[in-house]
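1. Provided below are the primary sequence and the corresponding predicted coordinates.
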Amino acid sequence: MGVCGVRKNIDGKLYTQIYGSVSSIAPDPIEKKPLFHFYPGSTVLSFGSVGCNMRCLHCQNWEISQLKPEEFPFLREITPETVERLAMDYDGIAWTYNEPTIWHEFTVDSSKLVKKHGKYVVYVTNGYINEEPLRELAPYLDAMNIDVKAFSDDFYRKISGARLEPVLKTVELAHSLGIHIELTYLIIPTKNDSDEELRKFAEWVAHISVDIPVHFSRFFPMYKMQNMPPTPVKTLVKAYKIAKDAGLEFVYLGNTWDPKYESTYCPFCGALLIDRRYYSTRLVNLGKDGRCKKCGRKVNVIMR
C-alpha cells in the first residue's frame with residue numbers, strides 16, 4: 001500500500017485507488033492557498049482527495065490526509081470532464097486540501113482539459129515529488145505553494161516521516177521550469193523556530209531568487225501535537241526580520257490577520273501595491289502590467 005495509502009501493488013506494478021475520488025470541492029479566494037502574487041483577487045475552485053505521502057504530527061487536514069480511501073465515508077467519483085465543466089465558472093482550479101501529488105494521474109488528466117480553456121491550475125503541496133512526474137505535470141501547472149516544513153532533516157524525519165532534500169530539489173526544479181512559486185513555512189515553537197534555522201532557510205530562498213514570496217505561518221495545536229502552544233506573534237515578527245535581512249523582497253505572516261504583514265509593498269520604492277485584509281484584496285499602486293505605479297518597476301506578481 002505504501003505510506004500514502006492510496007496505491008496497490010499488483011504483480012509488481014503500482015495502481016492508484018483514488019483516480020477521480022474526491023473528498024472536497026469548494027470555491028476559495030486564491031489568497032487562501034496562500035498565493036499572494038498570483039492572479040490577486042481571483043476565485044479558484046479547489047479539489048481534494050484523501051491520503052498523503054507524509055505523516056506530519058501537526059497536520060492541519062488530518063481528517064482527510066491521514067486516512068485511507070476505505071476509511072473516508074464521503075468519497076465520490078468524478079471524471080476529468082467533470083472538473084473541466086465545473087472549472088468554467090471560476091478563474092482556475094487548485095489541487096489542495098490533501099497532498100495532490102498522490103493522485104498525480106487524475107490531476108494531470110484534468111489539468112490538461114482545464115488549461116484548454118485558458119484557466120489556471122495551481123498546486124498546494126508538500127513538494128515531495130520525483131523529478132519525472134513534476135516535469136510531466138509542469139506544462140499544465142501555473143503556480144505552486146510549496147510547504148517547506150522546516151530547514152532541518154531531523155525535523156522532517158521525526159515530525160513528518162520524510163526528508164528535507166527532496167523538497168528543496170522540488171522548489172529549485174519548479175522555479176527553473178518557470179512555475180510561479182510561493183513558499184509556506186509553519187513556525188512551531190521549539191521545533192523549527194531557531195534564529196539559525198530561519199536564517200539558513202531565508203538564505204537558501206534568496207539564493208534561488210529574492211523575489212519568491214515567503215509565508216511564515218502561525219502554528220495552532222492540532223492532530224498529534226495538541227500539547228504544543230500556539231506560536232507567539234513575536235516569533236513570526238522575528239522570522240520576518242530575519243528573512244528581510246537576508247534580502248527577501250516579499251515576506252508575509254499568516255494566521256495573524258495584521259494587514260501590515262499581509263499586504264504587498266514595492267521592494268524598490270516602498271509603495272503599497274496590494275492591500276489585504278483577511279481574504280479581501282484591493283489593488284492600490286499595482287498596474288495591470290504588474291508594475292508599480294509610483295516608480296514603474298516590474299514586480300513578481302502574475303496579473304489577470
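-> Received, thanks.
2. how far does stretch 45-54 sit from the chain's center?
-> 12 Å (CA atoms, centre = their mean, to the nearest Å).
3. Low-confidence regions, the protein specifically.
-> Scanning the chain for pLDDT under 70 picks out the ranges 1-2.
4. Show me where the stretch 1-150 of the chain has its strands.
-> Listed in chain order, the strands of the stretch 1-150 of the chain (DSSP state E, counting those that start in this stretch) span 7-10, 13-16, 21-22, 24-29, 43-48, 76-77, 92-95, 120-125, 143-147.
5. so can I have a markdown table of those strands showing distance to His215?
-> All C-beta atoms are positioned from the backbone trio N, CA, C, and that covers glycine. Output for these, formatted as a markdown table (distance: least, CB to CB, whole Å):
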| stretch | distance to His215 |
| --- | --- |
| strand 7-10 | 31 |
| strand 13-16 | 30 |
| strand 21-22 | 26 |
| strand 24-29 | 15 |
| strand 43-48 | 16 |
| strand 76-77 | 31 |
| strand 92-95 | 15 |
| strand 120-125 | 11 |
| strand 143-147 | 8 |
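6. can you list those in TSV and add mean neighbour count and distance to Ala202?
-> Output for these, formatted as TSV (neighbours: other CB atoms under 10 Å; distance: least, CB to CB, whole Å):
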stretch	mean neighbour count	distance to Ala202
strand 7-10	12	36
strand 13-16	12	37
strand 21-22	20	37
strand 24-29	16	27
strand 43-48	22	28
strand 76-77	10	42
strand 92-95	25	26
strand 120-125	24	21
strand 143-147	25	15
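7. Any idea which of these gets closest to Pro259?
-> Comparing the strands of the stretch 1-150 of the chain against Pro259 with CB to CB, the closest turns out to be strand 24-29 (15.4 Å).
8. Partner strands of that closest one, with direction?
-> strand 43-48 (antiparallel) (DSSP bridges).
9. what angle do the strand it pairs with and strand 143-147 make?
-> 50 degrees (axes from the mean of the first three to the mean of the last three CA atoms, to 10 degrees).
10. Please work out which residues outside strand 43-48 touch it.
-> 22-30, 33, 61, 64, 83, 86-87, 89-98, 110, 120, 122 (CB atoms under 8 Å, 6 or more residues apart in numbering).
11. Do a quick rundown of the helices in the stretch 101-250 of the chain.
-> For the stretch 101-250 of the chain, the helices defined by DSSP state H, counting those that start in this stretch occupy 104-115, 131-137, 153-155, 165-176, 195-208, 233-245.
12. now, of those, which is deepest in the fold?
-> Of all those, helix 104-115 carries the top mean neighbour count, a mean of 20, counting by mean count of other CB atoms under 10 Å.
13. list the contacts for Thr235?
-> Ile187, Pro189, Asp193.
14. Make TSV out of the residues you listed and add distance to Lys149 and neighbour count.
-> Below are these laid out as TSV (distance: CB to CB, whole Å; neighbours: other CB atoms under 10 Å):
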residue	distance to Lys149	neighbour count
Ile187	10	23
Pro189	14	13
Asp193	12	20
